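Enquirer: With the sequence up front, the predicted model follows.
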Amino acid sequence: MVKECPVKKILEFLNDPGAVAAKSRKAKGLKQREVADKSNLSYDIISRVEHNKRDFKMSTYRKIFSAIEAEGEEK
């Protein structure tokens, strides 16, 4: 598997963090509720993040991506 350029991923995240979160979650075969449970965040927050309803703290994004990455390999 060829790894993407980290700069490209960072720019993608900065431009559309919600889309990156949704894409990452779906690649692991997770539901929003599963990410909410694993990240100790509410389902509503996961939904708002994925739909870019507002800006969140980096710690919120960190919790979400940590929960997604903890799932292992992409499906």
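Expert: Arrived safely. Numbers count the residues shown, from 1 in each chain.

Enquirer: pLDDT below threshold where in this protein?
Expert: 1-4, 72-75 (pLDDT under 70).

Enquirer: And the residue nearest the centre of it?
Expert: By Cα atoms, centre = their mean, the chain has its centre lying nearest to A21, at 2.6 Å.

Enquirer: can you pull the contacts of that one?
Expert: Shown in contact with A21 (Cβ atoms under 8 Å, 6 or more residues apart in numbering): 46, 49-50, 61, 64-65, 68. C-betas here are computed from N, CA, C, even on glycine.

Enquirer: Just put those residues in a markdown table and tack on secondary structure and distance to G29.
Expert: Compiled in a markdown table, the contacts of A21 are given as follows (DSSP: H, G, I helix; E, B strand; the rest coil; distance: Cβ to Cβ, whole Å):
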| residue | secondary structure | distance to G29 |
| --- | --- | --- |
| I46 | helix | 15 |
| V49 | helix | 18 |
| E50 | helix | 16 |
| Y61 | helix | 20 |
| I64 | helix | 16 |
| F65 | helix | 16 |
| I68 | helix | 10 |
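
Enquirer: Pick the one among those residues closest to D37.
Expert: Of all these, D37 sits closest to I46, with 9.7 Å by Cβ to Cβ.
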